[in-house]
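Undergrad: What follows is a predicted structure for the sequence shown.
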Amino acid sequence: MSLISHTESLSALRRLQARIYADFRDTRFTGRGFLRWAGIVILALLIAALITLYFLDWNQLRGPVGHYASVRAGREVRIDGNLKVELFRWQPHVEIGGLYIGNPSWTVGRPQGAAIKQAVLEFRLVPAIFGHLILPDVELNDADVLVVRDASGRTNWDADPAGAAASWHVPPINRFLVKDGHLEIDDAVRKLKFLGIISSQERAGLDTGNGAVNAFQLTGTGTLNGNKFLADVHGGPLIHVDENKPYAFAADITAGDTHAVLNGDILHPFHLDRFNAQISFSGNNLSDLFYLTGLAMPRTPPYRISAQLTRDPALYRLTGLQGVLGNTDLHGDLTIDVAGNKPMLRGNLTSRVLDFRDLGVVVGGGKSAPNAAALPDTVLHTERLRQMDADVGYAADSIRSQDFPLRGLVTHVDLKNGVLDLRPLSFAFNQGKLSGSLKIDGGPAIPVTTLDASITGIQMENFIRSPDKPLGGMVEARALLTGRGNTVHKAASSASGTATAVIPSGRIRHSLAEWMGIDVLNALSLTLTGDQSDTGLRCAVVHFSASNGVLTSQQFVIDTDPVLVQGSGTIDMNQETLDLRLQGKPKNFQIFRLRAPISITGPWDHPELGVDAKQIVTQGALGAGLAVVNPFAAIFAFLDPGLAKNADCAGLIGTAKDQGAPIKTSNPAKAEH
């Protein structure tokens, strides 16, 4: 039997050799033989690999695994504790002890990005083979995570140049447990320093005391732009979370005087860039939202605003926005696109009633600064204009104002590359309008402001607050000024340009006209008798040139039927003072007239009206001298033959039109008397 077995073995060996020789005859591969032997080799290697992995001591691979992760992440990654992997199960199990993740090299002095004492996770094998990672279980014990963002906007966790604008997708997690977690945020862009505690207690019946069941919670304190910052973010249990069903969350954030509350749903759990939420926020100044949102908002009075907030995925939508800013209501829709290098704000806003006093706060004055000067000196943060772009329309149906009969406002805000352009900027009056544009170039270190404003078809009576209207007529005016500075006062104090105003024709109280000519006898008689009659205002033309914030008169003529008034002087926008002289010349014989100019001097809010005493003294001295010769001759010093002629109103108005005044009305004075 032994001999027979040996013979059979030799025979089988010879047959195997013959088959191998047949496959590799003449050192050439046959297709069938290659496939057969390739399959045998791969299967052998796979079996060897599986046996090796099964009996492998994974702690021996901590160094190679850390090195591989460091190369891929561009930062130091290492495992200082035990590494345990159980691959041979439908849900492979991984335990990592002492996981350390470093920061990029630019975070000088902050080498550690994250340190986790123990991390446990399980993943589903079959979906992972096909590239879909599902984590049935994730546990983090004693985890410290640091988030840093520098002034340029890059963060220590950016995986690509898209940075914060990139979508953040977390693999689906069915059970998430965090014990003793800490989150630190150091954000130079938002000026935010925050230290929070993260907890995730996966107990389905956990009650927060107000009837809500919460499992995930992030609470912490810090500072935002030097103000106290509080955050409380929480959500429901993550047990059996379905990635195709919304996950509810809530957030309550306080930053100084700003308070924001969100209640909503993440539409597809673990896709954190898609959510819906009802948001409400309030505070003392809308511009304070810059450090919380990155949006450059105007200064406002105290506000309350609510809206439906939707993100999908780099586009934020604020729909159904409504609220109040001071005494002004606000409604509309906005979108914020963060896909680019900086946010882009678009939309339309409206107000049913705009309180004119609230506009004063926008430029740094108004109710928030009751003792402020006429030109506010509050710093306008024009450097923020470079942080975003905007394309927003605004309209107010009506305006509440104690000073002017304003009817409505229409403007369009265009902000691009640090240049803010309000065009058009149009205020409607009961008759006529004030329109133009306002441009602020925030690109230079010292911003440049350009104002182009025109008044058309507005009655002079609209600018007189007294119920007695001693002056009437249609005003046409234009101001074109350019200044430099980060406050309204500084921009005005350095302004250059021109300002022109014209009343082509109108009326003036007769007594006022006589007083401007200092016809004492006639003016006093009209005043004492209470005469309210008017006389003709043939035209009024005033033209100023501005340089370094000082407006100097180039043309100053007020032509009335009885008196021709010529003026001169300056308006100082730095000191906010007036220094004007008005010299009236009668057109008819006057018995008692003082040949002295009227002066208007002092601060804008309380100017002083007076008469040049030196010339009165000179005229009085002349009268006294004549009285020495003959007492009756003294009267000649106060007589005026009334030789003044009518002004060339047509020529003056034509010149004013050439200088930019928006003259549209005809001039009745062109038909000379």
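TA: All right, it came through fine.

Undergrad: Spatially central residue in the protein, please.
TA: A296 (1.8 Å; Cα atoms, centre = their mean).

Undergrad: Can you give me the distance of that one to R386?
TA: A296 sits 9 Å away from R386, taking Cβ to Cβ, to the nearest Å as the criterion. Quick note: C-beta positions are derived from backbone N, CA and C, even for glycine.

Undergrad: Ok, L292 next?
TA: 18 Å.

Undergrad: And D658, by the same measure?
TA: Counting by Cβ to Cβ, the gap from D658 to R386 is 39 Å.

Undergrad: Neighbour count for those two, which is higher?
TA: Just comparing D658 and R386: by other Cβ atoms under 10 Å the higher neighbour count belongs to R386, 15 against 10.

Undergrad: my guess is that one is in a helix, correct?
TA: Yes - under DSSP: H, G, I helix; E, B strand; the rest coil, R386 sits within a helix.

Undergrad: Leaving out sequence neighbours, find the closest residue to it.
TA: If the residues on either side of it in the chain are set aside, R386 comes closest to G418, at 4.0 Å by Cβ to Cβ, 6 or more residues apart in numbering.

Undergrad: give me phi/psi at that neighbour?
TA: Torsion angles at G418 (phi, psi; degrees, to the nearest 10) stand at phi 80, psi 0.

Undergrad: now swap in S547 and tell me
TA: Residue torsions, per degrees, to the nearest 10, at S547 are phi -150, psi 120.

Undergrad: Surely it and S493 touch.
TA: No - the criterion here is Cβ atoms under 8 Å, and S547 misses it with S493 at 11.4 Å.

Undergrad: who's more crowded, these two?
TA: Each of S547 and S493 has its neighbours counted (other Cβ under 10 Å); S493 has more, 21 against 11.

Undergrad: any idea how far that one lies from L334?
TA: Distance from S493 to L334, counting by Cβ to Cβ: 35 Å.

Undergrad: just L309 next, same as before
TA: The value you get for L309 to L334, if Cβ to Cβ is used, is 10 Å.

Undergrad: any shared contact partners between those two?
TA: R317, L318 (Cβ atoms under 8 Å, 6 or more residues apart in numbering).

Undergrad: This protein: helices as residue ranges?
TA: 2-23, 31-55, 62-73, 125-129, 290-293, 356-362, 488-493, 510-516, 520-528, 613-629, 649-658 (DSSP state H).

Undergrad: Lowest average pLDDT across the ones you listed?
TA: Of all those, helix 613-629 carries the lowest average pLDDT, namely a mean of 53.

Undergrad: Kindly provide the distance from the closest residue to A188 other than its chain neighbours to N486.
TA: By the measure of Cβ to Cβ, 6+ apart, the closest residue to A188 outside its immediate chain neighbours is A151, 4.6 Å from it. Distance from A151 to N486, counting by Cβ to Cβ: 20 Å.

Undergrad: Looking at these two, which one has more neighbours?
TA: N486 (19 against 9).

Undergrad: I'd like to know how far that one sits from D421.
TA: 18 Å.

Undergrad: Then R581?
TA: Relative to D421, and taking Cβ to Cβ, R581 is found at 39 Å.

Undergrad: Okay, R400 and N430: tell me how far apart.
TA: From R400 to N430 the distance is 14 Å (Cβ to Cβ).

Undergrad: Comparing the two, which residue is more hemmed in?
TA: R400 (14 against 11).

Undergrad: how many other residues sit next to the nearest residue to the more buried one once chain neighbours are set aside?
TA: Nearest residue to R400, sequence neighbours excluded (Cβ to Cβ, 6+ apart): D355, at 4.9 Å. Here the number of neighbours of D355 (other Cβ under 10 Å) works out to 22.

Undergrad: now S599
TA: 19.

Undergrad: okay, and the helix or strand of the protein with the least pLDDT?
TA: Using mean pLDDT, DSSP states H and E, the weakest-scoring helix or strand in the chain turns out to be helix 613-629, at a mean of 53.

Undergrad: For the stretch 101-250 of the chain, just list every one of the strands.
TA: According to DSSP state E, counting those that start in this stretch, the stretch 101-250 of the chain carries its strands in the segments 112-122, 137-149, 176-187, 192-200, 216-224, 227-235, 247-255.

Undergrad: chain center to the fifth one, what's the gap?
TA: Computed by Cα atoms, centre = their mean, to the nearest Å, the separation of strand 216-224 from the middle of its chain amounts to 25 Å.

Undergrad: what's the angle from it to strand 192-200?
TA: If you take axes from the mean of the first three to the mean of the last three Cα atoms, to 10 degrees, strand 216-224 sits at 170 degrees to strand 192-200.

Undergrad: what does the first one give?
TA: Our comparison of strand 112-122 with strand 192-200, counting by the same axes, to 10 degrees, yields an angle of 20 degrees.

Undergrad: Point out where the stretch 101-250 of the chain drops to low pLDDT.
TA: By pLDDT under 70, the weakly predicted segments of the stretch 101-250 of the chain are 159-170, 201-215, 237-243.

Undergrad: quick one, domains of this structure?
TA: 58-189, 457-670 (automatic domain parsing).

Undergrad: Quick check: which of the ones you listed is nearest to P301?
TA: domain 457-670 (17.1 Å; Cβ to Cβ).

Undergrad: roughly how far is that closest one from the heart of the chain?
TA: 44 Å.

Undergrad: next one: stretch 449-456
TA: The answer for stretch 449-456 is 23 Å, by Cα atoms, centre = their mean.

Undergrad: Adjust the sequence numbering to begin at 18 for everything that follows.
TA: Shifting the count to begin at 18 puts that one at stretch 466-473.

Undergrad: Please save the CA atoms from that stretch in CSV.
TA: Extracted as CSV, the C-alpha positions of stretch 466-473 are listed here (Å, rounded to 0.1, in the frame of the first residue of the first chain):
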residue,chain,number,x,y,z
THR,A,466,-17.4,111.6,1.2
THR,A,467,-19.1,113.2,-1.8
LEU,A,468,-22.5,114.8,-1.5
ASP,A,469,-24.6,115.9,-4.5
ALA,A,470,-27.9,117.2,-3.3
SER,A,471,-30.6,119.2,-5.2
ILE,A,472,-33.8,121.0,-4.0
THR,A,473,-36.4,121.4,-6.7
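
Undergrad: Done for today, thanks.
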